[in-house]
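*Asks:* Sequence and predicted model, in that order:
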Number of protein chains: 2
Amino acid sequence: MKSALSQLGRRTEPPPISWLMNLALSRPQLISLAAGFTDNESLPTDFTLEIVEEVMRRPRSGQSALQYGPTPGDPELRELTARRLTDLDAACAPGRRRAYSADDVIITNGSQQLLYMISEVLCDPGDIVLVEDPTYFVYLGIAQSHGIRCRGVKLESDGIDLDHLENTLKALKKSGELKRVKMLYLVSYYQNPACLTTSLKKKRAALKLLRAYEKAAGHPLYLLEDAAYRELRFSGEDTPSALIDRNSRDRLLYTSTYSKPFATGIRAGFGVLPKDIMEIVARVKGNHDFGTANLVQRVLVRAIQSGRYEMHLVQLRKRYAKKAGIMERAMRKHFPESIEWPETRGGLYYWASTPKHAKTGTKSKVFNTALANDVIYVPGSLCYADDPTRRKPDNEMRISFGSAKEKNIRDGIRSLGEVLRAHC
Amino acid sequence: MKSALSQLGRRTEPPPISWLMNLALSRPQLISLAAGFTDNESLPTDFTLEIVEEVMRRPRSGQSALQYGPTPGDPELRELTARRLTDLDAACAPGRRRAYSADDVIITNGSQQLLYMISEVLCDPGDIVLVEDPTYFVYLGIAQSHGIRCRGVKLESDGIDLDHLENTLKALKKSGELKRVKMLYLVSYYQNPACLTTSLKKKRAALKLLRAYEKAAGHPLYLLEDAAYRELRFSGEDTPSALIDRNSRDRLLYTSTYSKPFATGIRAGFGVLPKDIMEIVARVKGNHDFGTANLVQRVLVRAIQSGRYEMHLVQLRKRYAKKAGIMERAMRKHFPESIEWPETRGGLYYWASTPKHAKTGTKSKVFNTALANDVIYVPGSLCYADDPTRRKPDNEMRISFGSAKEKNIRDGIRSLGEVLRAHC
């Protein structure tokens, strides 16, 4: 008898790093520099309790937090989100201010759910999404599940290589596949995994380029700006989102999250979408779950209104700056000279390259010797789309300082350094 | 230029009662007997606060509640859920006890998300799901969005009409469409909207019948048992779930929820799935959101472990029993004799039928006069699938005593009674 599964059910593969995560759980002595978890000790237990007390002590606000809310999100949280984003963008674009509207904001279960729903409402199996090379590997999982083909666009230190983007669009037009392209997906701040930030100039140029190919595509080509790490900036200046250009708004899908900066255990993300896409995504959200847990949203409203959220961000940034510094000093001390990594100014990761001959994939000597020595990282090759037009690079590592304790960062990097010195 | 939307994006319609809900928000004097909201005053604000205090006061448990958890759910909550379900079934099936395993349990964002994911992994556009006539209208929305065709099976007072189920399967076999059938969806306790409970005997017989048609279908035919209202029983005995039969387990998809009995604002549901389906659903859950908010799950763990959850259920059942009684007495007093409704022993609704000539749909005189008199219900026709093999009944009303205050129940039913007396 055949299986009763749908095409999607048959297609969906296990996430590439679930075995890594299980490994970490089953071997407590293992130092995981792989997980994208945030720092346990940074989690705001004290003020979460204060807020829940404030919310629950008044019956009316307590009951409202424990009741269903509107599907697109709590109205106050949507308003506060629009206002914060307006202020964030105005602060780094002197002399310009665009006020975003609460109606354009949707609250979701982490930004992950929004990435999922955007993919559902835009892409049929066989459609193409342009992604960064490398990109966020969980997005590749969503794409795989939906039968979406991804094409990688090369990266430079300030974001995608515009020439490569244009050549890719040209080639797709020539091969007749441009009609299948739906969007360009950019992780625009402290990119996961490559740690770079896309300049506003490049985001604008990408939007312009996409617009120029719309006629040939026969439909709008969207820019999906994933700003999940934007708030985890610990040095340098902020960059405006592409939202700031009024004429970009009907093509820009902006996603971000409160989970990483506040607490991953609350699973609350948000997005700003053009009106027509918002309408459809909100319908799909209604089918998914009628709306994100109201309790979590009310906690966030109070955290932001009371100023605690901003205070928490200040602490959090200091904490990650310190941990990034510890990791970088350890890498300088223990890694051989042939290992390179760009500066990290935010987020949770370093992205290190080994010489071409020293592979880092799950079957490589480097990875397996590291594992035998109780330290793991995310192999870079997992962050590249299955793009038939190029070979997948296999000499990079995503190394996270997010959840590891300071001592483990030092010990883990020392162990990894020994392995790298033996193989590079 | 064409739209860039996917087939799903183009297809997905707005939920049928969103305009009703918006109406209720914009006209505060309106008495809504439409919403499936639970009773605001029943929401456990006091003990939710106590629990959050207990969880957050110990840094370790507080941090764990604010951190990511495993995708299929918190291990303790899965264990407690398996154990509770084992006990619930054993309590109403004397002499039999089947212990369910935590590994078979998944925690989701309400049972709604699980209904969504089950549909995603089993059904392609054009596939068929057999549903009750009438059925849960939000499930019809999920089906509509995915291009799933629904076929209605008639109901009797103890669940589906088995002859009609068999005739439907026969007809589908004859027309060559049996290969597109994937499952039978039953809301098995205090059915939404028709308020009846399916007997264990009928669930077994339905499973047997489905099994008999599998060879012709060429694949497994599942029974999806939606037990969302099981805990909201306020009179009579509980009924065992179909899980209790060991040999049914590879075909049974059981879904239920903590949201309705505990608090709709926490959005936590659960399910028990066969191993092969569990594996795929867990992968899809990873793509949706990596797992339900851990904070909410830890609150539930403590609520169940401390016995507060059970204490709350006792209170809740008393409350709904009282409200159901108030509604029934008001209906007896104010409704004309021609209106009929079955007894309600749990859940949040009454399901009332008018004489055939007195339509109740959104364009009917009854509905619009009621609306003009500031009272709304859910028109029964919204709860019927678009099944081309029969005409949609249009002379029923789902009337909810869930969220309305006692005075509003009395006033709402009196107003509705005046309307019905004028038109029936």
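*Replies:* Arrived safely, thanks for sending. Note that the structure is a prediction, hence the values are computed from the model and not measured. Residues are numbered from 1 along each chain as shown, chains lettered A, B, ... in the order given.

*Asks:* how distant is the strand or helix carrying A:L313 from the center of its chain?
*Replies:* Using DSSP states H and E, A:L313 falls within helix A:308-334. Here helix A:308-334 is found 19 Å from its chain centre; the criterion is Cα atoms, centre = their mean, to the nearest Å.

*Asks:* Buried residues, that helix. List them.
*Replies:* Within helix A:308-334, the residues that qualify as buried are A:308-309, A:312, A:316-317, A:320-321, A:323-324, A:326-328, A:330-331, A:334, counting by 16 or more other Cβ atoms under 10 Å in any protein chain shown. C-beta here means a position set from N, CA and C on the backbone, and glycine is covered the same way.

*Asks:* Out of these, flag the one nearest to chain B.
*Replies:* A:H312 (11.4 Å; Cβ to the nearest Cβ).

*Asks:* Contacts only, for A:F367.
*Replies:* Going by Cβ atoms under 8 Å, 6 or more residues apart in numbering or on different chains, A:F367 touches A:T360, A:G361, A:I376, A:Y377, A:P379.

*Asks:* ok, the second one to A:P16 distance?
*Replies:* Per Cβ to Cβ, to the nearest Å, A:G361 is found 11 Å from A:P16.

*Asks:* right, and A:Y384 touches A:V131 too?
*Replies:* No - between A:Y384 and A:V131 there is no contact under Cβ atoms under 8 Å: 9.0 Å.

*Asks:* Backbone torsions only: list them for A:F270.
*Replies:* When quoted as degrees, to the nearest 10, the phi and psi of A:F270 stand at phi -150, psi 170.

*Asks:* mind saving the C-alpha coords of the helix or strand of chain A with the lowest mean pLDDT as PDB?
*Replies:* Least confident helix or strand, chain A: helix A:18-26 with a mean of 77, by mean pLDDT, DSSP states H and E. Extracted as PDB, the C-alpha positions of helix A:18-26 are listed here (Å, rounded to 0.1, in the frame of the first residue of the first chain):
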ATOM      1  CA  SER A  18      18.400  18.300  14.400                       C
ATOM      2  CA  TRP A  19      20.900  15.400  14.800                       C
ATOM      3  CA  LEU A  20      23.500  18.000  15.900                       C
ATOM      4  CA  MET A  21      21.000  19.300  18.500                       C
ATOM      5  CA  ASN A  22      20.200  15.800  19.700                       C
ATOM      6  CA  LEU A  23      23.900  15.100  20.000                       C
ATOM      7  CA  ALA A  24      24.300  18.100  22.200                       C
ATOM      8  CA  LEU A  25      21.500  17.000  24.500                       C
ATOM      9  CA  SER A  26      22.800  13.400  24.800                       C
END
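
*Asks:* Quick check: pLDDT value at the most centrally placed residue in chain A.
*Replies:* Nearest to the geometric centre of chain A sits A:A228, at 4.7 Å (Cα atoms, centre = their mean). Note for A:A228: predicted pLDDT of 97.

*Asks:* I'd like the distance between it and chain B.
*Replies:* In this view, A:A228 and chain B are 13 Å apart by Cβ to the nearest Cβ, to the nearest Å.

*Asks:* Next: A:G141.
*Replies:* Counting by Cβ to the nearest Cβ - A:G141 and chain B are separated by 6 Å.

*Asks:* neighbours of that residue, just the number please.
*Replies:* When neighbours are counted by other Cβ atoms under 10 Å in any protein chain shown, A:G141 registers 22.

*Asks:* what helix or strand is it on?
*Replies:* helix A:137-145.

*Asks:* okay but A:T81 is in contact with A:D104, surely?
*Replies:* No - with contact taken as Cβ under 8 Å, A:T81 and A:D104 are classed as non-touching, separated by 9.8 Å.

*Asks:* Which residues in the helix or strand that contains A:K208 does the neighbour count mark as buried?
*Replies:* Here A:K208 sits within helix A:200-212, counting by DSSP H and E. Counting neighbours by 16+ other Cβ under 10 Å, one finds that the buried residues in helix A:200-212 are A:L200, A:K202, A:K203, A:R204, A:A205, A:A206, A:L207, A:L209, A:L210.

*Asks:* will you turn these into CSV that also has distance to chain B?
*Replies:* Listed next are those as CSV, based on distance: Cβ to the nearest Cβ, whole Å:
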residue, distance to chain B
A:L200, 24
A:K202, 22
A:K203, 19
A:R204, 20
A:A205, 21
A:A206, 16
A:L207, 15
A:L209, 16
A:L210, 11
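
*Asks:* got a list of what the residue nearest to the centre of chain A touches?
*Replies:* For A:A228, the contact set (Cβ under 8 Å, 6+ apart) comprises A:S111, A:V187, A:Y189, A:N192, A:T255, A:S256, A:T257, A:K260, A:G269.

*Asks:* What does it show for phi and psi?
*Replies:* phi -50, psi -30.

*Asks:* and what of A:L162?
*Replies:* phi -60, psi -30.

*Asks:* That one: neighbour count?
*Replies:* For A:L162, using other Cβ under 10 Å, the count is 17.

*Asks:* Mind checking the pLDDT average for stretch A:257-268?
*Replies:* What stretch A:257-268 shows for mean pLDDT is 91.

*Asks:* Ends of that stretch, what's the gap?
*Replies:* End-to-end span of stretch A:257-268 (Cα to Cα, to the nearest Å): 6 Å.

*Asks:* does that stretch come close to chain B?
*Replies:* Yes - where contact is defined by Cβ under 8 Å from any Cβ of the partner chain, part of stretch A:257-268 touches chain B, namely A:A263, A:T264, A:G265, A:I266, A:R267, A:A268.

*Asks:* got a markdown table for those, with neighbour count and secondary structure too?
*Replies:* Output for those, formatted as a markdown table (neighbours: other Cβ atoms under 10 Å in any protein chain shown; DSSP: H, G, I helix; E, B strand; the rest coil):
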| residue | neighbour count | secondary structure |
| --- | --- | --- |
| A:A263 | 30 | coil |
| A:T264 | 26 | helix |
| A:G265 | 25 | helix |
| A:I266 | 28 | helix |
| A:R267 | 30 | coil |
| A:A268 | 26 | coil |
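
*Asks:* who in the stretch 251-400 of chain A is up against chain B?
*Replies:* A:263-268, A:276, A:280, A:283-284, A:286-296, A:298.

*Asks:* May I see the ChimeraX selection of the buried members of those residues?
*Replies:* Remark: buried members of those, expressed as a ChimeraX selection using 16+ other Cβ under 10 Å:
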select /A:263,264,265,266,267,268,280,283,284,286,287,288,289,290,291,292,293,294,295,296,298
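
*Asks:* Can you list which of the residues of the stretch 251-400 of chain A next to chain B are found in helices?
*Replies:* In helices, judged by DSSP state H, the following of these are found: A:D276, A:I280, A:R283, A:V284, A:G286, A:N287, A:H288, A:D289, A:N294, A:L295, A:V296, A:R298.

*Asks:* and the residue lying closest to the fourth one once chain neighbours are set aside, what does it touch?
*Replies:* Setting aside the residues directly before and after it, A:V284 is nearest to A:M117 in space (Cβ to Cβ, 6 or more residues apart in numbering or on different chains), at 5.0 Å. Residues in contact with A:M117 (Cβ under 8 Å, 6+ apart) are A:T108, A:V281, A:V284, A:K285, A:H288.

*Asks:* do you know how far A:E225 is from chain B?
*Replies:* 16 Å.

*Asks:* Next secondary structure after the strand or helix carrying that residue?
*Replies:* Taking DSSP H and E as the criterion, A:E225 maps to strand A:222-226. Once strand A:222-226 ends, the next helix or strand along the chain (criterion: DSSP H and E) is strand A:252-257.

*Asks:* Tell me, how many residues neighbour A:S157?
*Replies:* By the measure other Cβ under 10 Å, the count of residues near A:S157 is 10.

*Asks:* Now do the contacts for the nearest residue to it once chain neighbours are set aside.
*Replies:* Once flanking residues are discounted, A:S157 sits nearest to A:L196: 5.7 Å by Cβ to Cβ, 6+ apart. If you count contacts by Cβ under 8 Å, 6+ apart, A:L196 has them with A:L155, A:S157, A:D158, A:G159, A:Y190, A:P342.
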